[in-house]
Every structure is written in structure tokens, then in C-alpha cells.
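J.: Here's my sequence, what's the structure:
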Amino acid sequence: MADKSPDDFYHTVIGKAYDLDGMWGATCVDGYGQYSIYLGYPRFRCTQTNFAKDIWNLRKESGILEYYEAVQAPFQDGDVVIWDNCAECPDSHIAIFRKDAGDNKGVFLGQNQDGTPDGKGGASFDQKVISYNGILGGLRPKIYKEQKDKRDRQLREKNQQIRASMPKTRKYLSNMKQTEIIKNTTVIPGVQPGVFICDPVCIALAFSLVFSSLLR
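T.: Numbering: from 1, shown residues only. Below you'll find the predicted structure:
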């Protein structure tokens with residue numbers, strides 16, 4: 001299975017509208033819910049006020065911190081960011097941070113921002129520059145660190161295999177006879193035709209072939 005990434009999610013949902021709960025169209029909370037589905041996480045609901053800020057305010061008791069790490073700015077690509085009621089987001093808001101835009105603002109991927117209205121009160125996924133003012137905090141999906149740790153572990157294991165094979169490789173090359181490297185079939189001054197010679201280029205090629213087989 002391919003690794004998850006914020007950019008892959010963006011290409012999956014941009015311009016589309018998801019109304020997961022059948023209420024008020026494609027809301028920002030539905031957008032967060034679709035992100036949770038993509039990550040393989042459960043969706044956590046707004047059970048206090050029915051607005052996005054509940055996702056942050058109820059984080060300690062909802063169980064969401066089993067899947068996300070609570071963070072504050074600076075945010076990373078893929079962090080879920082939640083606003084309180086504020087001038088920028090009067091009813092609170094939740095969206096996915098993509099990058100900093102300067103001037104105390106960031107680019108956020110989410111629903112019910114400036115996307116195409118769905119006719120039910122919501123709007124499709126789009127990316128919008130939004131002020132950091134009013135942000136309560138962010139939730140960083142743990143899956144991205146888990147994926148990185150797995151890649152790093154696999155790389156360490158591969159390096160260990162290569163290091164373990166080095167003595168065998170050196171022994172193999174030291175036991176190679178001149179006849180196992182290259183045969184002289186042309187007339188070379190001072191060398192009789194048919195005599196096998198050792199070529200440094202061939203030795204380098206032999207090393208390359210051995211290590212290539214280890215990396216497959």
C-alpha cells in the first residue's frame with residue numbers, strides 16, 4: 001500500500017464535496033471527516049456545540065489524541081487546524097494546513113471555504129489563504145511519523161545487509177582468477193592472444209554487479 005500524504009489527499013478531493021452526516025451540506029467538519037477516512041482514522045464528532053471548535057475543545061476526552069498529536073504553530077503540511085469563533089471564522093472552522101503564506105496567514109485545504117457551493121449550505125474542497133488569528137490549535141496525524149520511521153527502519157536494515165555481505169564480497173573478489181574477469185582476444189603488445197588479463201574497470205564492474213544484486 002502506498003504511503004499517505006497531504007498532497008495525495010489534495011489531489012483526491014480538490015473540487016469535490018462530501019456531506020458525510022447529511023446535515024448542512026459539505027461542511028468543514030465533513031471535510032475533516034473525509035481526511036480521517038483517507039488516513040484510516042475514525043471520525044470524531046462535534047458533540048458539544050455542533051461546531052468545528054468541539055474537535056479541539058473535546059480532544060482530551062474524545063480519544064482523538066490516540067491518532068493525532070496536539071500541536072501549536074508553526075504547523076506542518078497535513079496538520080488539522082481548528083479555529084474558535086472569530087472574525088475570520090464566525091462559527092469556528094477546521095481545515096488542513098498546507099503551507100505558510102506570510103503576513104500571519106496560511107494556505108488551508110478544506111470544505112465550506114471558497115469552493116463551489118453544493119446547494120445544501122456547504123461548498124466543495126478548495127485551498128484558501130486564512131489568517132492564523134483565532135486558531136485554537138492543531139492536530140498532527142501520527143501516521144506520517146509512523147511512515148517515516150518505517151522507511152528509516154527499512155533503510156537501516158538494508159544497510160546492515162550490505163555491511164554483512166562485505167566480507168563475503170571481498171573474499172569472492174580475492175578468489176577470482178584472471179581467467180574469470182576478462183579474456184584478451186586482441187593483439188596487445190607484450191601479451192599473447194588468448195591470455196586472460198585483469199582490468200581495473202572490470203573489477204569495479206564486478207563490485208557494482210554484486211551490490212546491485214543485494215539491493216534488489
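
J.: what packs against the longest strand seen in the chain?
T.: Looking across the chain with DSSP state E, the single longest strand is strand 93-102. Applying 3 or more Cβ pairs under 8 Å, 6 or more residues apart in numbering; DSSP states H and E, we find strand 93-102 packed against helix 6-13, helix 28-39, strand 80-83, strand 105-110, strand 126-131. For every residue, glycine as well, the C-beta is placed using N, CA and C.

J.: Point out the most buried one among those.
T.: strand 80-83 (a mean of 25; mean count of other Cβ atoms under 10 Å).

J.: Direction included, what does that strand pair up with?
T.: strand 93-102 (antiparallel), strand 135-141 (antiparallel) (DSSP bridges).

J.: Now do the last one and helix 6-13, the angle between them.
T.: The one in question is strand 135-141. 100 degrees (axes from the mean of the first three to the mean of the last three Cα atoms, to 10 degrees).

J.: which residues sit against strand 135-141?
T.: 39, 41, 53, 55-57, 59, 64, 67-73, 75-76, 78-84, 97 (Cβ atoms under 8 Å, 6 or more residues apart in numbering).

J.: same question for it, mean pLDDT?
T.: Averaged over strand 135-141, pLDDT sits at 98.

J.: just for this protein, where's the confidence low?
T.: Counting by pLDDT under 70, the ranges of the chain that qualify are 168-216.

J.: gap between the two ends of stretch 16-25?
T.: 12 Å (Cα to Cα, to the nearest Å).

J.: Could you give me the buried positions within that stretch?
T.: 17, 18, 19, 20, 25 (16 or more other Cβ atoms under 10 Å).

J.: So the second one, which state does it fall into?
T.: It stands for residue 18. Using DSSP: H, G, I helix; E, B strand; the rest coil, the structure places residue 18 in coil.

J.: Now do the same contact list for it.
T.: Residue 18 neighbours (Cβ under 8 Å, 6+ apart): 26, 30, 31, 33, 34, 111, 125.

J.: and the chain, what are its domains?
T.: 6-145, 152-215 (automatic domain parsing).

J.: Could I have the buried ones of the contacts of strand 135-141 as PyMOL selection syntax?
T.: Buried subset of the contacts of strand 135-141, written as a PyMOL selection, criterion 16+ other Cβ under 10 Å:
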select buried, resi 39+41+53+55+56+57+59+64+67+68+75+78+79+80+81+82+83+84+97
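
J.: Could you list every helix and strand in contact with the longest helix along the chain?
T.: Using DSSP state H, we find that the single longest helix of the chain is helix 142-174. On a contact count with 3+ Cβ pairs under 8 Å, 6+ apart, helix 142-174 meets helix 200-215.

J.: one step back: can the strands paired with strand 80-83 go into JSON lines with extra columns for distance to residue 8?
T.: Formatted as JSON lines, the strands paired with strand 80-83 follow (distance: least, Cβ to Cβ, whole Å):
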{"stretch": "strand 93-102", "distance to residue 8": "12"}
{"stretch": "strand 135-141", "distance to residue 8": "13"}
